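**Q** test case, fold it:
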Amino acid sequence: MASATTAPPPPGNLKRIVAASLIGTTIEWYDFFLYGSAAALVFNKLFFPDSDPLVGTLLSFLTYAVGFAARPLGALVFGHYGDRLGRKKLLVLSLLLMGGATFAIGLLPTHATIGTAAPVLLTVLRLVQGFALGGEWGGAVLLVSEHGDARRRGFWASWPQTGAPAGQLLATGVLSLLTALLSDAAFGSWGWRIPFLLSGVLVIVGLWIRLSVDESPVFQQALAQAEARKADRTTDAEADAEKLPLVAVLRHHWRDVLVAMGARMAENISYYVITAFILVYATTSAGVSKQVALNAVLIASAVHFAVIPAWGALSDRIGRRPVYLMGAVGVGLWMFPFFSLIDTGGFGSLILAVTVGLVLHGAMYAPQAAFFSEMFATRMRYSGASIGAQFASVAAGAPAPLIATALLSDYGSSTPIALYVIAASLLTVVAVAAAQETRHRDLADVAPAAEADRAAAPAANARTL
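**A** Got it, this is the predicted structure:
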């Protein structure tokens with residue numbers, strides 16, 4: 001069905017919804033990325049001091065990857081209840097869990113104080129972070145997508161996506177400031193705790209904003225229709241969605257889940273290589289100080305934040321698939337120049353390498369929110385979008401810094417790492433090329449996407465390349 005059937009909401013209400021989703025996702029990603037940066041900079045010494053530096057870094061990134069392992073569980077649990085109870089309640093819960101875990105990391109004793117219990121507790125808190133983030137992303141993008149103006153859904157839905165670079169910007173900025181103001185000894189002793197404890201203040205602000213917004217009108221409409229159909233269900237899809245959204249997703253949307261997982265590979269892997277692994281590579285192989293590396297990521301993240309809405313707007317004009325494909329191909333082609341620029345050791349070259357990489361990443365990340373939302377029917381949308389996105393993260397973003405560090409350790413060269421990202425780009429190109437264009441779909445349609453496509457006019461859903 002054409003999205004023109006969905007009337008635009010009042011501009012003020014939509015902007016409030018966007019602001020609530022953006023601020024909430026910024027806080028959640030701040031917490032998540034803060035851990036990644038700390039894992040690259042200090043956790044190897046604080047929690048794995050008996051290992052040599054590179055092995056300590058590998059172990060530190062292993063606890064980082066554990067957070068990704070919990071994200072599919074978060075996707076299943078939050079998706080199930082988000083499709084049954086609504087988006088807003090689950091988003092409040094995810095923010096509380098993430099913020100609480102991050103604040104607790106700031107209070108955590110190190111290996112020098114409590115021995116091996118320290119990395120165990122760190123791993124448990126990382127699992128809580130991953131569980132919360134697994135449910136956060138789907139709810140945040142759906143809340144905006146289902147409130148938003150259908151004609152500009154790609155643009156509006158891309159704003160919660162800017163929470164990732166905003167969180168990265170905030171986390172890197174705080175760490176960069178602290179490393180500039182404090183000596184290495186002071187930062188390693190107590191300074192690293194400050195950004196984690198700051199999360200407690202941010203969560204209070206985020207909760208106040210999230211509690212002030214309304215539930216998704218598309219979900220409320222679908223829930224009312226489900227209640228009216230209880231005595232006379234018309235399709236198996238509706239019955240499945242009301243009983244167990246996961247069953248409905250696997251029965252009616254399994255192809256869309258696979259497409260979403262494939263689409264995530266290049267996007268997820270490239271992002272963590274560019275923003276997390278670079279802190280290891282630039283400091284150990286290129287001889288760049290950690291302050292310079294952090295500043296480069298800081299500047300590039302600001303540009304990343306700015307270009308995501310532009311890519312989202314472009315996806316409204318030419319389609320989700322063409323923009324996504326541009327990003328996947330571009331990231332693959334950029335990998336060898338990316339490492340060559342870093343190897344020069346120059347600050348300007350480092351900024352150029354990371355900035356171009358994140359701009360190309362944005363071409364995938366910006367349309368992703370609308371693209372994934374439009375694949376699934378309303379009563380299984382939270383589950384479908386979350387499962388597709390978060391299950392892929394286990395194979396993509398979770399091991400990316402770990403694999404990259406291991407490749408660097410084994411080969412002493414960036415070439416295998418570049419080939420690793422290129423392989424992921426090829427997989428994403430295949431997945432997105434196999435997908436249907438979704439920008440004309442109506443999110444108020446409760447039928448599975450395949451049924452909606454068969455009922456729609458062929459011209460409205462023609463593939464756009």
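**Q** secondary structure element for the residue lying closest to A19 once chain neighbours are set aside, which one?
**A** Leaving aside its chain neighbours, A19 sits nearest to I209 (6.9 Å; criterion: Cβ to Cβ, 6 or more residues apart in numbering). Yep, even glycine has a C-beta here, placed from its N, CA and C like the rest. Assessed by DSSP states H and E, I209 sits inside helix 193-210.
**Q** by contact count, what packs against that helix?
**A** Applying 3 or more Cβ pairs under 8 Å, 6 or more residues apart in numbering; DSSP states H and E, one finds that helix 193-210 contacts helix 11-41, helix 87-107, helix 163-181.
**Q** between the shortest one and helix 11-41, how big is the angle?
**A** Okay, so that is helix 163-181. On the basis of axes from the mean of the first three to the mean of the last three Cα atoms, to 10 degrees, helix 163-181 is oriented at 50 degrees to helix 11-41.
**Q** mean confidence for the next helix or strand after helix 163-181?
**A** Beyond helix 163-181 on the C-terminal side, the first helix or strand identified by DSSP H and E is helix 184-186. Averaged across helix 184-186, pLDDT comes to 85.
**Q** what residues does the closest residue to A431 other than its chain neighbours make contact with?
**A** Excluding the flanking residues, the one nearest A431 by Cβ to Cβ, 6+ apart is G262, at 2.5 Å. Going by Cβ atoms under 8 Å, 6 or more residues apart in numbering, G262 touches 392, 427-428, 430-432, 434.
**Q** please indicate which of the residues you listed are buried?
**A** Buried members of these, counted by 16 or more other Cβ atoms under 10 Å: 392, 427-428, 431-432.
**Q** in helices only, show me those.
**A** Counted as lying in helices by DSSP state H, out of the buried ones among the contacts of G262, are 392, 427-428, 431-432.
**Q** picking up where we left off before, how far away from the center of its chain is the helix holding I209?
**A** Centroid separation between helix 193-210 and its chain, computed with Cα atoms, centre = their mean, to the nearest Å, is 19 Å.
**Q** what's it in contact with?
**A** Counting by Cβ under 8 Å, 6+ apart, 19-20, 23-24, 27, 30-31, 34, 38, 88, 91-92, 95-96, 98-100, 102-103, 105-107, 171, 174-175, 178 sit against helix 193-210.
**Q** mind checking which of these are buried?
**A** Using 16+ other Cβ under 10 Å as the burial test, the contacts of helix 193-210 include 20, 23-24, 27, 30-31, 34, 38, 88, 91, 95, 98-100, 102-103, 105-106, 171, 174-175, 178 as buried.
**Q** can you pull out the low-pLDDT segments for this protein?
**A** Scanning the chain for pLDDT under 70 picks out the ranges 1-12, 40, 50-58, 61, 64, 148, 226, 229-243, 445-465.
**Q** returning to what we had before: make JSON lines out of the ones in helices among the buried ones among the contacts of G262 and add distance to F277.
**A** Shown next, in JSON lines, are those (distance: Cβ to Cβ, whole Å):
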{"residue": "A392", "distance to F277": "18"}
{"residue": "L427", "distance to F277": "19"}
{"residue": "T428", "distance to F277": "19"}
{"residue": "A431", "distance to F277": "23"}
{"residue": "V432", "distance to F277": "24"}
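**Q** nearest to V307, of the helices and strands packed on helix 193-210?
**A** helix 163-181 (9.1 Å; Cβ to Cβ).
**Q** flag every buried residue along that closest one.
**A** Buried residues in helix 163-181 (16+ other Cβ under 10 Å): 163-176, 178-179.
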